[in-house]
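K.L.:
I'd like to go over a predicted model; first the sequence, then the structure.
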Amino acid sequence: ELRQLTNSLVFNYHDAIKELPGSTEVRAELLRDGIVVLDSLAVDAADNRGLALELSDAYRRIAVLQGMAFVSNTGDTEGALASSQKGLSLLDAQAAATSDDPALLYRWGEGLAEQATLRQTLGQTEQALDDFTHTPLPAGEPRHNSAALIRAFADVKVPTGVLIRQSTIARILGVSYRTV
């Protein structure tokens, strides 16, 4: 119930007010309050895969609303990077338990691309590239050499008209992906 309430408050209300003049500070406060609730729920996420994935998605969506370029956001790119990292850490823990789940790895790749985009916005280009090329998978493989991650891109169908981030991930990893 708390998860549903948080989702409704943060995302439904945020979306309802985002076009109102002068709403940026209210939106930012709403997102900050949502992060507090997500942080409290994340304590229980280690042993609950469904919760971990749901929270990861919520952190990543908040990151987009906080500071992703080309999206109506509150201008908090630093906060967006922190939220993105929280979402990725939940995925890291799940990938350590099941590193061959294509859907999980694809989600993880999207999170990495979002994080890299935020880093680029902040002028952290070297760190953005490092996210893709040097940060190891839980099993110790570099991401660009990970057979599991490459399989994830081969196995998960991506809708036509995807954002640039999917092609960026694929290009950096040297893999291709299919469209539906």
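P.N.:
Yep, it's here.
K.L.:
SS state for Ser89?
P.N.:
helix (DSSP: H, G, I helix; E, B strand; the rest coil).
K.L.:
Now for it, how many residues are close by?
P.N.:
For Ser89, the number of neighbouring residues by other Cβ atoms under 10 Å comes to 15. Any C-beta I mention is one placed from the backbone N, CA and C, and that applies to glycine too.
K.L.:
pLDDT wise, what is it at?
P.N.:
On pLDDT, Ser89 comes in at 91.
K.L.:
any idea how far Pro21 is from it?
P.N.:
Separation of Ser89 from Pro21 (Cβ to Cβ, to the nearest Å): 36 Å.
K.L.:
need the strands for the chain, in chain order.
P.N.:
Using DSSP state E, the chain contains no strands.
K.L.:
What part of it, helix or strand, is modelled with the least confidence?
P.N.:
Least confident helix or strand, the chain: helix 147-155 with a mean of 48, by mean pLDDT, DSSP states H and E.
K.L.:
Below-threshold pLDDT in this structure: ranges please.
P.N.:
Along the chain, the model assigns pLDDT under 70 to residues 1-2, 99-100, 132-180.
K.L.:
show me where it has helices.
P.N.:
Taking DSSP state H as the criterion, the chain carries its helices at 2-7, 14-17, 24-42, 49-67, 77-97, 102-121, 125-133, 147-155, 164-173.
K.L.:
quick one: contacts of the second one?
P.N.:
Contacts made with helix 14-17 from outside it, assessed by Cβ atoms under 8 Å, 6 or more residues apart in numbering, are listed as 23, 26-27, 30-31, 65.
K.L.:
ok, now with 10 Å
P.N.:
By Cβ atoms under 10 Å, 6 or more residues apart in numbering, the residues outside helix 14-17 that reach it are 23-24, 26-28, 30-31, 34, 61-62, 65, 72, 74.
K.L.:
Spatially nearest residue to Gln127 (excluding sequence neighbours)?
P.N.:
Arg119 (5.0 Å; Cβ to Cβ, 6 or more residues apart in numbering).
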